[in-house]
Each structure stands twice: as structure tokens, then as C-alpha cells.
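In: coords please:
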Amino acid sequence: AVMLFGSIVFNMSLFYLVHNPDKDIQRYSWQVISKTLSIFTAVLMYQGISGVIDSWFVHLTASYVPLTIGMFSMLLWFCVLHYTIRKLAREKVSLSDKHDKAAEEESAVALSCWSMLFAH
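Out: Below you'll find the model as predicted:
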């Protein structure tokens with residue numbers, strides 16, 4: 001009962017913060033919520049993919065296999081991170097050449113979102 005009450009109080013306080021009349025409090029509340037969700041999403045994705053990779057290679061017992069798989073996994077995520085950021089940054093640059101402010105702002109939000117998600 002206490003846990004249920006605590007979760008209701010927490011959700012109501014979040015609701016209050018994101019609908020506060022002060023625009024700065026709204027913006028910072030959304031930023032904190034966004035960063036928290038991106039961290040949890042990144043951890044969930046990492047654990048899921050790591051679990052699948054571990055289950056595929058569990059039968060290999062050589063001592064160098066876990067290190068090799070870990071290094072390859074890190075290199076793969078690093079390359080995906082930089083490819084995604086590069087692609088989105090080029091899209092942002094091409095949109096800024098066209099002077100389309102709405103599309104440029106949407107591209108900047110996408111760039112920030114993917115950068116934060118992959119960085120965690």
C-alpha cells in the first residue's frame with residue numbers, strides 16, 4: 001500500500017512539474033525526464049543485446065572469447081554511434097542551407113536524442 005501511494009505521489013509531482021506555469025521549470029522537468037528515460041532505455045537495450053550475444057556464444061569456452069566478443073561489441077556500438085550522429089549532423093547542415101527553421105529544429109532534436117541514447 002505504501003509503495004502504491006508513493007508511486008501515485010511521484011507521478012502526481014511529475015505531472016505538477018511538467019504543467020507548472022513557470023516555463024523554465026517545465027523545460028528542466030522535461031529535460032530530466034528525457035535524460036532519465038534515455039539512460040534506462042540504453043541500459044535495457046545493452047542488457048538485452050548482451051544477453052543474446054552471451055546465449056549465442058555460451059558453448060565457446062576458450063578464455064579469449066569473452067574478451068574478443070566484448071571488444072567487437074564495443075567497436076560495433078561505437079561505429080553505430082558515430083555513423084548515426086554523422087548522418088543526422090549532415091542532415092542538419094543540409095537543412096540549414098535551405099533556411100527551413102522547423103525542419104532544422106526537428107533535425108536538431110533528433111540529433112540530440114540519438115546522441116544521448118547512444119552515449120549512454
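
In: Report how many residues lie close to S29.
Out: Neighbours of S29 under the rule other Cβ atoms under 10 Å: 19. C-beta coordinates here come from the backbone N, C-alpha and C atoms, glycine included.

In: For it, which non-adjacent residue is closest in space?
Out: L17 (4.0 Å; Cβ to Cβ, 6 or more residues apart in numbering).

In: and that neighbour, how far is that from F40?
Out: From L17 over to F40 the distance is 18 Å, taken as Cβ to Cβ, to the nearest Å.

In: and if you look at W114?
Out: Using Cβ to Cβ, one gets 16 Å for the distance from W114 to F40.

In: Those two - which one has more neighbours?
Out: The residue with more neighbours, out of W114 and F40, is W114; 17 against 11, by other Cβ under 10 Å.

In: Find the helix or strand that the more buried one is a member of.
Out: helix 101-119 (DSSP states H and E).

In: Quick check: mean pLDDT of the helix or strand hosting F78?
Out: Using DSSP H and E, F78 falls within helix 65-98. Helix 65-98 shows a mean pLDDT of 76.

In: before we move on, the earlier item: packing partners for the helix holding W114?
Out: Contacts defined by 3 or more Cβ pairs under 8 Å, 6 or more residues apart in numbering; DSSP states H and E place helix 101-119 against helix 23-56, helix 65-98.

In: Using CSV, lay out those helices together with distance to V9.
Out: What follows is the helices and strands packed on helix 101-119, written out as CSV (distance: least, Cβ to Cβ, whole Å):
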stretch, distance to V9
helix 23-56, 16
helix 65-98, 37
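
In: among those, which is nearest N11?
Out: helix 23-56 (11.5 Å; Cβ to Cβ).

In: what angle sits between the closest one and helix 101-119?
Out: For helix 23-56 against helix 101-119, the angle by axes from the mean of the first three to the mean of the last three Cα atoms, to 10 degrees is 50 degrees.

In: any idea of the angle helix 23-56 forms with helix 65-98?
Out: Helix 23-56 and helix 65-98 are oriented at 140 degrees to each other (the same axes, to 10 degrees).
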